[in-house]
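Novice: Quick one: sequence and predicted model below, then my questions.
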Protein chains: 4
Amino acid sequence: MQAGPCLCHFPGNALAPPAALSPADLGGGGSSPASGGPVDRALLEDLAAASRFLSLQGVVDAFGHVSMRHPDAPDRFFMSRALAPALVGADDIQEFDLNCLTCQGDQRASFLERFIHGEIYRARADVMSVVHSHSPSVIPFGLVETPMRAMFHNAAFLAAGVPVFDIAETFGATDMLVGNCEKGKALVGVLADRPVVMMRAHGSVAVGPDLQSAVFRAVYTEVNARIQHQATAYGGPIAALSPEEGQLADKVNFKAGHRAWDLWRKTAGQ
Amino acid sequence: MQAGPCLCHFPGNALAPPAALSPADLGGGGSSPASGGPVDRALLEDLAAASRFLSLQGVVDAFGHVSMRHPDAPDRFFMSRALAPALVGADDIQEFDLNCLTCQGDQRASFLERFIHGEIYRARADVMSVVHSHSPSVIPFGLVETPMRAMFHNAAFLAAGVPVFDIAETFGATDMLVGNCEKGKALVGVLADRPVVMMRAHGSVAVGPDLQSAVFRAVYTEVNARIQHQATAYGGPIAALSPEEGQLADKVNFKAGHRAWDLWRKTAGQ
Amino acid sequence: MQAGPCLCHFPGNALAPPAALSPADLGGGGSSPASGGPVDRALLEDLAAASRFLSLQGVVDAFGHVSMRHPDAPDRFFMSRALAPALVGADDIQEFDLNCLTCQGDQRASFLERFIHGEIYRARADVMSVVHSHSPSVIPFGLVETPMRAMFHNAAFLAAGVPVFDIAETFGATDMLVGNCEKGKALVGVLADRPVVMMRAHGSVAVGPDLQSAVFRAVYTEVNARIQHQATAYGGPIAALSPEEGQLADKVNFKAGHRAWDLWRKTAGQ
Amino acid sequence: MQAGPCLCHFPGNALAPPAALSPADLGGGGSSPASGGPVDRALLEDLAAASRFLSLQGVVDAFGHVSMRHPDAPDRFFMSRALAPALVGADDIQEFDLNCLTCQGDQRASFLERFIHGEIYRARADVMSVVHSHSPSVIPFGLVETPMRAMFHNAAFLAAGVPVFDIAETFGATDMLVGNCEKGKALVGVLADRPVVMMRAHGSVAVGPDLQSAVFRAVYTEVNARIQHQATAYGGPIAALSPEEGQLADKVNFKAGHRAWDLWRKTAGQ
């Protein structure tokens, strides 16, 4: 995987408004990275469907994004152009390198926070998909001192611990966005080898070994948050999953997640 | 009813992926139990509709299952193959014996936790239907020390007490699933003669003397949970149903449950 | 208005299953009271629409009912036969006298709790419509010691105070239902001249000077409950409406309620 | 901008029922102010769509309203006639002067609380759009001593502080409505230069430099309220946005709000 210098401030790749491009432009701008190669369109349709499903589920609203590593090129990933998740179709998917430059001269506006994705793919060879969301139920766990714990077996992946990334610790007062490689690297430092990280006063990130697992984790992080809010109201101890139970239960989730995906994929439509 | 040795680890009945079967295979594998006999297809359509309704109602999500004892063969029961509840149709129903082996060589993948159902049918002659779900509102009552109580007359069946089954007490750290007969028997030991049992860090089970009652109890266990969460927030005593009030009110529910079912059956569609 | 002895135990009017009736039966059974006279069918359609709207709004679920006093005969009222509120159409409306006997020999099954309605119409000449519901948000206020208060101007009618009727105080352990005239009278004694009463471990009743107002009050009792739950969580004083503010604001609601009704009537469909 | 005496009690402009008007009447009543000039119909369609979207989102219910300053005449603004927000179309929009008199003799009934809008436009040259709503999640922050704070970057505009307007402080016991210019001016005095103000036992107001921003702020005030309710339940400190973070993050919202609007405008339909 590419580990060169971060090029995220490269001027030609700034958040540009969609513009009419000549066919020559689309063929590949000089400094725009090359594609990792063609992929089955069904993959892009699955990625777009994940975006729409997460919107239907309330995990994302007008904001949030889901990405997928290129199956043949570990230093490339796919993510929608800057667009509300409910509106994403396969044609809206852009390809990026790990510096979050769009490939092949694609000049459509990209998400400001694509660096969350690029830096996770750079650092975590096990991760094939990333979801970033601002679920209202989850955000409290980035604001309070009580950590999120695993309330039930479908959220077993949380039993590994859910750290909180406070962007202010490294960068002081900011616009709260992970808008360049440095901020992405700082986030990855807190995520470490875990599946989920909270972002203070912002949202959260869930990662997985495939698209289906990342979506599953984003969904059940949200469900788990609601359960923990209600269990907490009783004021006593909470018999959450132990780390060992979490490990054992999560193995089952990996298989079961695909059963959920079968439903969710249908729900999202074409 | 059959009380022989548990055969749930019989290799030919493992959680197998759906496979192309020859007509001969479908005719009945050597050791696959025989059917309890044909049933009116409307029964299977009702069972499938119950699955879809529970999904629409939010009692189940991509997971959870509802079963029905065979009306003519008390040692057989019906339940969907492993499939998201919203997608279940009558053709997805499998028949099981009480060891949770599929009848007549049906090799489609079954739910891992069918043993919840089989062991309840084995132990409780009064039970004709079982619902297992992971409702986010209900799960807290398997995690905290405060027991669920009956907040109103539609949830009167809860006034008998709602015990909590902690799988770790008998089996230590597990994947939390009731995936064999032994675990099913342990769950039944805690359920005893009651209509509902919580499962720590997992979900709950509701049983009833017919499909309509089991669905009614699953629905109102969820509603009751939400009421108790809010009543608890006031910090004082809660004037829940007394056990005697619960017994009297539940007799009315049994009739009224069929009025609800008329609505729910329509809601679930064909 | 009729003030004679309660006839609710009259055997011919018991909760009977729908049965095939001969035309002669329908013409009027010997002891079945006469109708208060024909009414505009649009009134019955409005009443049925109110039932469906309250279901869409989540104020009622498979249970609950709304009634309307006969506009020309103060000792008669209209209410749906025993049916889930979402399914009610104008043809499902029955006419009752104040003893809750169906008029003109209508032998379709009636709601067990029609006595809530009959006794309120008997005692409160100002009431033209009654809603009985089991909203999960409202039920806590029948269970805890904290009274419901008016959280905002649309719920101003609550500033008059919201008493709690505990059926056990007079009748001991029961099935919790207001299933005869005596229980209805006891409920009315607690309601007194107010617009809303809580029923312990059961639900609530809202009344109004017309159908639109009763529906408005049922809706905003539910909304007010949700607001009070959340305001209470902050642990300090709550600057609810004063009784004087409540009186002033409720005058506006009476007009504004008709604006809401225009929307709700459309929402409910034909 | 006009700063003359308040004419809100002008009798010809009272809340009148819709009436059949002769063509001469519609041409402009003697004392009814003139229009600020024709505007692109797409603007009015956007304003009507904002009304419908806020209803779909649950920010408004049968009540609430959104307005827009006339783009060419700063002393005129547009707002729906008195109508449930879900039903508003472009033809329902009325034009007002800053005294909240309808222009060109439009005698359709107007919202009682149009003075919220008129007085904000009079005092705040930076404001081009105003939303008034009664979201159940937001109302608690007008009732309790805990102020609303900015829980995440999308609600960064709240980091400037969210004051509470208690109409009783100046006007004693009222019907709680901002039903004339004096009450509007008192509200504006508390709002000052901020984007959002709570109204005790009533609702809230959000303003913005364009329609899209005002809608964005109304939506995320509601979302922020839900987050703060849940974060508060943990009982410890809440790491909300600092004022500086709020300023930085809100600059991004202004751009991103238009991405949300693209989705919301589609959601609202024509």
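Specialist: Received the coordinates, thanks.
Novice: Next, residue A:206: phi, psi?
Specialist: For residue A:206, the backbone dihedrals (degrees, to the nearest 10) come out as phi -120, psi 140.
Novice: Who are the contact partners of it?
Specialist: Going by C-beta atoms under 8 Å, 6 or more residues apart in numbering or on different chains, residue A:206 touches A:130-131, A:133, A:195-196, A:214, A:217-218, A:221. In this view, the C-beta of every residue, glycine as well, is placed from N, C-alpha and C.
Novice: wait, what's in contact with residue A:55?
Specialist: Per C-beta under 8 Å, 6+ apart, neighbours of residue A:55: A:61, A:64, A:84-86.
Novice: quick one: secondary structure of the closest residue to residue A:123 other than its chain neighbours?
Specialist: Leaving out its chain neighbours, the residue that sits closest to residue A:123 by C-beta to C-beta, 6 or more residues apart in numbering or on different chains is residue A:188, at 4.7 Å. Put simply, residue A:188 is helix when judged by DSSP: H, G, I helix; E, B strand; the rest coil.
Novice: burial count for residue A:188?
Specialist: 23 (other C-beta atoms under 10 Å in any protein chain shown).
Novice: who's in contact with it?
Specialist: Counting by C-beta under 8 Å, 6+ apart, residue A:188 touches A:119-120, A:122-124.
Novice: Please list the outside residues in contact with stretch A:213-220.
Specialist: The contact list for stretch A:213-220 (C-beta under 8 Å, 6+ apart) reads A:50, A:53-54, A:57, A:59, A:66, A:127-131, A:133, A:154-155, A:157, A:195-196, A:206-208, A:253-254, A:257, A:260-261, A:264.
Novice: what about residue A:205, which SS state?
Specialist: strand.
Novice: ok, now residue A:135?
Specialist: coil.
Novice: Please name the residues that touch it.
Specialist: Neighbouring residues of residue A:135 by C-beta under 8 Å, 6+ apart: A:58-60, A:203-204, A:221-222, A:225.
Novice: Show me these that map onto helices.
Specialist: Cross-referencing the contacts of residue A:135 against helices under DSSP state H gives A:221-222, A:225.
Novice: What is the nearest of those to chain D?
Specialist: Taking C-beta to the nearest C-beta as the measure, residue A:225 is the one of those closest to chain D, at 8.0 Å.
Novice: circling back to that earlier point, neighbour count and pLDDT for the ones in helices among the contacts of residue A:135 - can I get that in TSV?
Specialist: Below are the ones in helices among the contacts of residue A:135 laid out as TSV (neighbours: other C-beta atoms under 10 Å in any protein chain shown; pLDDT from 0 to 100):
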residue	neighbour count	pLDDT
A:221	27	98
A:222	23	98
A:225	26	98
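Novice: want to throw the contacts of residue A:135 into CSV with distance to residue C:247?
Specialist: Putting the contacts of residue A:135 into CSV (distance: C-beta to C-beta, whole Å) gives the following:
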residue, distance to residue C:247
A:58, 40
A:59, 45
A:60, 45
A:203, 45
A:204, 48
A:221, 48
A:222, 44
A:225, 42
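Novice: For chain A, list the residues in contact with chain D, please.
Specialist: Residues of chain A lying close to chain D (C-beta under 8 Å from any C-beta of the partner chain) are A:61-63, A:82-84, A:86-87, A:112, A:134, A:136-137, A:139-140, A:142-146, A:166, A:168, A:173-177, A:200-203, A:229, A:232-233.
Novice: And the helices in the stretch 101-250 of chain A?
Specialist: Using DSSP state H, counting those that start in this stretch, the helices assigned to the stretch 101-250 of chain A run over residues A:114-123, A:167-171, A:181-191, A:211-232, A:243-268.
Novice: Could you say which of these is packed most deeply?
Specialist: helix A:114-123 (a mean of 27; mean count of other C-beta atoms under 10 Å in any protein chain shown).
Novice: If you count contacts, what does that helix end up packed against?
Specialist: Judged by 3 or more C-beta pairs under 8 Å, 6 or more residues apart in numbering or on different chains; DSSP states H and E, helix A:114-123 is in contact with strand A:65-69, strand A:76-80, strand A:93-97, strand A:129-133, helix A:181-191, strand A:203-208.
Novice: okay if I get those as JSON lines plus mean pLDDT and distance to residue A:45?
Specialist: Below are the helices and strands packed on helix A:114-123 laid out as JSON lines (pLDDT from 0 to 100; distance: least, C-beta to C-beta, whole Å):
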{"stretch": "strand A:65-69", "mean pLDDT": "98", "distance to residue A:45": "11"}
{"stretch": "strand A:76-80", "mean pLDDT": "98", "distance to residue A:45": "11"}
{"stretch": "strand A:93-97", "mean pLDDT": "98", "distance to residue A:45": "9"}
{"stretch": "strand A:129-133", "mean pLDDT": "98", "distance to residue A:45": "15"}
{"stretch": "helix A:181-191", "mean pLDDT": "98", "distance to residue A:45": "27"}
{"stretch": "strand A:203-208", "mean pLDDT": "98", "distance to residue A:45": "19"}
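Novice: closest one to residue C:38 among these?
Specialist: Nearest to residue C:38, of all the helices and strands packed on helix A:114-123, is strand A:129-133, at 58.6 Å by C-beta to C-beta.
Novice: And the closest one, what does it pack against?
Specialist: By 3+ C-beta pairs under 8 Å, 6+ apart, strand A:129-133 packs against helix A:41-56, strand A:65-69, helix A:114-123, strand A:203-208, helix A:211-232.
Novice: which other residues reach the third one?
Specialist: This means helix A:114-123. Contacts of helix A:114-123 (C-beta under 8 Å, 6+ apart): A:1-3, A:8, A:65, A:67, A:69, A:74-75, A:77, A:79, A:96-100, A:127, A:130, A:132, A:178-181, A:183-185, A:187-188, A:191, A:205, A:207.
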